[in-house]
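In: Sequence and computational prediction follow.
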Amino acid sequence: MSNNIIVLKFGGTSVATLERIRQVAELVQGKKRKGFKVVVVVSARAKMTDALIDDARSFSPEPSPREVDMLLTSGERISSALLAIALNARGVDAVSLTGSQAGIITDDDHTNARIIEIRPARVLQALNEDKIVVVSGFQGVSFKKEVTTLGRGGSDTSAVALASALDAEVCEIYSDVDGVYAADPNVVDQPMKIRELSYQEMQEMAEAGAKVLHPKAVEFAKAKGTIIHAKSTFVPDAEGTIIRNLEGRIKPRIVGITSEEKVILARCRDEGHAGVIGRLVDSFAEANLKVKQISFSDIGDGVTSGNFIIPEKENYHIDSVIPRLEALFPGMLHVSRHLGAVSLIGAGINDRYDFLRECLHLLKTEGLGPASLHTTSFRISALVPRPRVKETVGLLYEHFLRPASLGDTGS
Ligand code: ADP
Ligand code: ASP
Ligand code: MG
């Protein structure tokens with residue numbers, strides 16, 4: 001039976017100015033008037049997290065991850081308190097809670113913690129007292145009672161994890177775009193909006209750079225079957241995109257093209273069974289480096305070759321870690337920092353060769369390498385020069401998806 005709880009999440013652009021916080025308060029009040037018990041999750045105001053990271057880096061190239069978390073969580077705290085104040089000013093009973101107060105328990109992996117449990121007693125109590133609960137996103141508390149953050153874009157994860165723990169009817173994610181598109185609407189001119197996506201497709205799109213939802217958020221939704229509705233704060237009546245269980249109901253298709261502008265490709269060659277790859281992995285762990293993909297193979301004659309793909313944005317200390325690693329493995333580690341990743345996403349994308357062949361042909365014709373390419377059952381990802389990432393997204397979109405734009409990308 002429905003418990004009438006809904007979770008609404010507003011990202012940084014939605015709370016960027018006081019006027020926007022006022023608009024968000026109005027939207028939230030409207031949901032309450034419709035009879036819902038409302039939990040709101042908010043991000044830090046636009047650019048605040050980046051500015052705080054820059055402040056930390058101005059003192060040290062590798063600030064303590066614990067202190068970084070103490071610093072960054074303040075951004076979300078400001079937004080939640082301001083929204084609660086704005087709601088109160090409209091005569092609406094609302095209370096703000098930090099992630100810790102909301103019962104979001106994480107592991108102790110500072111700057112990239114994982115939610116391991118939610119104890120929502122305090123949230124439920126406030127809802128039962130007819131209050132709107134405004135939770136600071138992107139944060140939790142470890143069993144050691146340390147404040148943690150959930151990785152860049154992590155307020156989506158807070159919202160979906162809370163929605164799952166509360167058995168909410170839906171988790172509405174509000175941002176500056178009115179749904180998930182077949183390509184970033186800020187990169188491709190008028191791409192198709194996707195009406196419905198499976199959890200797996202959305203997770204792959206998110207992991208491959210579609211910022212509109214965090215991949216860990218989708219993981220939580222999938223585990224519990226929580227429905228996500230991606231919507232626009234500025235055009236709240238627009239239809240948006242529904243992410244739910246569609247498994248087994250979709251044909252092989254390309255559903256979207258995504259990109260990550262800044263990834264690092266580290267290649268390693270271990271000649272003579274020196275255990276370099278193992279030592280390198282140890283060094284990554286010691287340096288608290290987040291690595292996206294690791295692959296290595298024995299190519300004969302005692303030579304092992306390894307490829308590591310490292311996202312720049314989530315590694316706050318990358319500028320000092322890379323030179324340190326290069327010095328530790330002289331002549332063995334080759335690092336390229338001029339690349340970005342472009343991916344084709346869709347269920348069963350590798351069931352047939354045509355998508356891969358056409359993709360390779362197109363990249364070759366345009367002189368776009370690729371520097372590296374890998375496939376999974378949902379994805380074809382290629383690394384291309386950073387300044388040409390957007391252009392590559394456009395080319396792939398025009399080739400694979402624009403011709404279908406009169407059709408339907410819904411299931
Ligand atoms: P918020 O700050 O609200 O969390 P984000 O900036 O994280 O919002 O995510 C919204 C942004 O995601 C949009 O401004 C858009 O540029 C980007 N984006 C990237 N890929 C897509 C896509 N496929 N569909 C929609 N938006 C996308
Ligand atoms: N404020 C955090 C960030 O900028 C979390 C979020 O916006 O979801 O990454
Ligand atoms: Mg976001």
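Out: Cool, got the structure. Ligands and ions are numbered 1, 2, ... in the order given.

In: Got phi/psi on the residue in the stretch 251-400 of the chain that ligand 1 sits nearest to?
Out: Proximity to ligand 1, evaluated over the stretch 251-400 of the chain using CB to the nearest ligand atom, is greatest for Gly256 at 5.6 Å. All C-beta spots, glycine's among them, are computed from the backbone N, C-alpha and C. Phi and psi for Gly256, reported as degrees, to the nearest 10, are phi -170, psi 160.

In: now do the one 3 residues further on
Out: Dihedral angles of Ser259 (phi, psi; degrees, to the nearest 10) stand at phi -150, psi 150.

In: That one pairs with what?
Out: Val342 (DSSP bridges).

In: isn't Glu366 right next to Leu395, touching?
Out: Yes. Between Glu366 and Leu395 there is a contact at 6.2 Å, judged by CB atoms under 8 Å.

In: and the two? which has more neighbours close in?
Out: Leu395 (18 against 13; other CB atoms under 10 Å).

In: Would you check that Leu280 makes contact with His334?
Out: No. With contacts counted by CB under 8 Å, Leu280 stays clear of His334, the gap being 11.9 Å.

In: Neighbour count: the two, which is higher?
Out: Relative neighbour count places Leu280 above the other of Leu280 and His334, with 22 against 12, counting by other CB under 10 Å.

In: Is the more buried one in a helix, a strand, or coil?
Out: Here Leu280 is recorded as helix under DSSP: H, G, I helix; E, B strand; the rest coil.

In: Looking at per-residue confidence, what score does the residue nearest to Arg337 when sequence neighbours are not counted get?
Out: Leaving aside its chain neighbours, Arg337 sits nearest to Ile264 (5.4 Å; criterion: CB to CB, 6 or more residues apart in numbering). pLDDT, Ile264: 97.

In: so Ile264 is in which element?
Out: strand 256-271 (DSSP states H and E).

In: which residues touch Val42?
Out: 9-10, 15, 24, 76, 79-80, 83, 134-137, 155 (CB atoms under 8 Å, 6 or more residues apart in numbering).

In: thought Gly340 was touching Val384?
Out: Yes. Gly340 is within contact range of Val384, at 6.3 Å (criterion: CB under 8 Å).

In: I'd say the residue nearest to Arg337 and Leu333 touch.
Out: No. If you go by CB under 8 Å, Ile264 and Leu333 don't touch, sitting 11.2 Å apart.

In: Other residues contacting stretch 232-248?
Out: By CB under 8 Å, 6+ apart, stretch 232-248 touches 10-11, 13-14, 20, 23-24, 27, 174-180, 193-200, 202, 213, 218, 221-222, 225, 227-231, 411.

In: sorry, back to before: mind checking how far the residue of the stretch 251-400 of the chain closest to ligand 1 is from Pro387?
Out: 22 Å (CB to CB, to the nearest Å).

In: Please say which of the two ends up with more neighbours.
Out: Between Gly256 and Pro387, Gly256 has the larger neighbour count (other CB under 10 Å), namely 28 against 10.

In: Find me the pLDDT at that one, would you?
Out: For Gly256, the pLDDT comes out at 96.

In: Repeat that for Gly407.
Out: Looking at Gly407, its pLDDT stands at 51.

In: Please apply the same query to Gly248.
Out: Gly248 is assigned a predicted lDDT (pLDDT) of 69.

In: how about stretch 320-331: buried residues?
Out: For stretch 320-331, burial by neighbour count (16 or more other CB atoms under 10 Å) applies to Val321, Ile322, Leu325, Phe329.

In: chain center to stretch 22-40: distance?
Out: Stretch 22-40 sits 25 Å away from the centroid of its parent chain (CA atoms, centre = their mean, to the nearest Å).

In: Oh, that last question was meant for stretch 93-106, not what I typed.
Out: In terms of CA atoms, centre = their mean, the centre of stretch 93-106 is found 21 Å from the chain centre.

In: how about the residues of the chain near ligand 2?
Out: Gly11, Gly12, Ser43, Ala44, Thr49, Gly75, Gly137, Phe138, Arg152, Gly153, Gly154, Ser155 (CB under 6 Å from any ligand atom).

In: From what I see, the fourth one and Gly12 are in contact.
Out: By that I understand Ala44. Yes. Ala44 lies in contact with Gly12 (CB under 8 Å); the separation is 6.0 Å.
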